[in-house]
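1. quick one, what's the 3D model for this:
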Amino acid sequence: MVKRLSFLLVLAACGGTSADPGLRAWLRVADSWFIDQPLPSPGAGSPIVEASLSRAQVARGDTELSLVGSLALDTTAVQVAADGAEGFFVLRAGQVDPTVPTVLTLRGALTVAPDAPLGSTVVHVQPVANGMVGPRLDLPLEVLSPNRPGSALVVSLTWNTASDLDLHVVDASGVEIWARHPNSWAPTPGQPVDPNAWKSGGLLDADSNAQCLIDGRDAENVVWSKVAPSGHYVVRVDTPSLCEATSARWRVEVTLQGQPVAVAEGMSTTDSTRGAHDRGAGITALEFDVP
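-> This next block holds a predicted model:
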């Protein structure tokens, strides 16, 4: 196992990226090599000169987090993983820093998955030099819920594998919002149409991983930016395809005026993919009322 891991580290340091994008990990590193194994124990290799994250707080789904720093000249790569993440990423060391020629640059673009665990965590970074793993550096990070300023009602679905799941929300008037009907608003017959009126409905933001064209979002949201109609709502989760995954664990969250209202979790299996995937499809995840 040690020899296999060393081979992968050398390959990653020399160039190329993994065919596995590491979508099982909630913290992902761009242009790197993903290894589906526990992060190796710290060793006696060269330590990291310095490293830091561009921000100490991020929201779920954040795509603009950066890892920056400086490495010893003999460093070939760094291994990056977060507490609770599956596997780790190997990021190649950069070039000699033109401003400080005694160190190499460290630059990494990080993405936080939409279903990342909320709260305080630690990002582990450890160097690899001359085939040896160095001491581990722990960088604190806090993951927050996405900020949707002004949103009256938000219904969110997230899942943990590269699968095609669909969020269905039936609003208080009985209108179903889903991939083929992404807006609950409809014009009133015989009345002038306000060009901005469509924004008053519940809007689906994306059809993630549709037809197994994996986009890495693994999340869908229905958002009312204005006042959400009073009444009873039903939320369902449909599974058109697992896209070669064996299952998908999902989570539905509802917030009203920024406050949590309801949460439900479940699992999609091959049985979940059977039947028609149309209006009314899926299993009921939860129901709630808007005053």
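
2. so, low pLDDT: which residues of the stretch 1-150 of the chain?
-> Where the stretch 1-150 of the chain drops to pLDDT under 70, the residues are 1-21, 145-150.

3. what about the helices in it?
-> Ranges of helices in the stretch 1-150 of the chain, per DSSP state H, counting those that start in this stretch, are 2-14.

4. strands of that one, start to end?
-> Using DSSP state E, counting those that start in this stretch, the strands of the stretch 1-150 of the chain run over 27-29, 33-35, 50-53, 57-59, 65-71, 75-82, 88-92, 104-112, 119-129, 132-133, 137-144.

5. so which of those strands is nearest Pro189?
-> Closest approach to Pro189 among the strands of the stretch 1-150 of the chain is made by strand 57-59 (40.8 Å; C-beta to C-beta). No exception for glycine: its C-beta is placed from N, CA and C like everyone else's.

6. just to revisit the earlier point, which one of the strands of the stretch 1-150 of the chain lies nearest to Gly43?
-> Checking the strands of the stretch 1-150 of the chain against Gly43 by C-beta to C-beta gives strand 132-133 as the closest, at 4.0 Å.

7. mind listing what the closest one pairs with, with the direction of each?
-> strand 119-129 (antiparallel) (DSSP bridges).

8. just the CA trace of the strand it pairs with, in CSV.
-> Extracted in CSV, the C-alpha atoms of strand 119-129 (Å, rounded to 0.1, in the frame of the first residue of the first chain):
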residue,chain,number,x,y,z
GLY,A,119,-19.8,24.4,12.0
SER,A,120,-16.1,24.6,12.9
THR,A,121,-13.7,22.2,11.3
VAL,A,122,-10.0,21.9,10.4
VAL,A,123,-8.3,21.7,7.0
HIS,A,124,-5.2,19.5,7.1
VAL,A,125,-2.2,20.4,4.9
GLN,A,126,1.0,18.4,4.8
PRO,A,127,4.0,18.5,2.4
VAL,A,128,5.7,15.7,0.5
ALA,A,129,9.4,16.0,-0.2
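
9. in that strand, which residues are buried?
-> Thr121, Val123, His124, Val125, Gln126, Pro127, Val128, Ala129 (16 or more other C-beta atoms under 10 Å).

10. just list the residues touching the residue lying closest to the fourth one once chain neighbours are set aside, thanks.
-> Spatial nearest neighbour of Val125, excluding adjacent residues (C-beta to C-beta, 6 or more residues apart in numbering): Leu137 at 4.8 Å. Residues counted as contacts of Leu137 (C-beta atoms under 8 Å, 6 or more residues apart in numbering) are Pro47, Ile48, Ala51, His124, Val125, Gln126.

11. ok, now how distant is the fourth one from Ser156?
-> His124 sits 28 Å away from Ser156, going by C-beta to C-beta, to the nearest Å.

12. can you check the second one too?
-> Relative to Ser156, Ile48 is positioned 36 Å away (criterion: C-beta to C-beta).

13. of those two, who's got more company?
-> Comparing Ile48 with Ser156 by neighbour count (other C-beta atoms under 10 Å), the higher total belongs to Ser156, at 25 against 19.

14. ok, the more buried one touching Trp250?
-> No. Using C-beta atoms under 8 Å, Ser156 is not in contact with Trp250, being 10.5 Å away.

15. now Ala113: closest residue in space that isn't a chain neighbour?
-> Leaving aside its sequence neighbours, Ala113 sits nearest to Trp26 (C-beta to C-beta, 6+ apart; 4.1 Å).

16. angles on the backbone of the one you found, please.
-> phi -80, psi -20 (degrees, to the nearest 10).

17. let me see the contact set for it.
-> Trp26 sits next to Ala82, Gly84, Ala85, Val112, Ala113, Asp115, Ala116, Pro117 when contact means C-beta under 8 Å, 6+ apart.

18. any chance of these in JSON lines, with neighbour count and distance to Gly258 too?
-> Putting the contacts of Trp26 into JSON lines (neighbours: other C-beta atoms under 10 Å; distance: C-beta to C-beta, whole Å) gives the following:
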{"residue": "Ala82", "neighbour count": "24", "distance to Gly258": "26"}
{"residue": "Gly84", "neighbour count": "12", "distance to Gly258": "26"}
{"residue": "Ala85", "neighbour count": "22", "distance to Gly258": "28"}
{"residue": "Val112", "neighbour count": "21", "distance to Gly258": "20"}
{"residue": "Ala113", "neighbour count": "25", "distance to Gly258": "22"}
{"residue": "Asp115", "neighbour count": "20", "distance to Gly258": "20"}
{"residue": "Ala116", "neighbour count": "25", "distance to Gly258": "19"}
{"residue": "Pro117", "neighbour count": "14", "distance to Gly258": "20"}
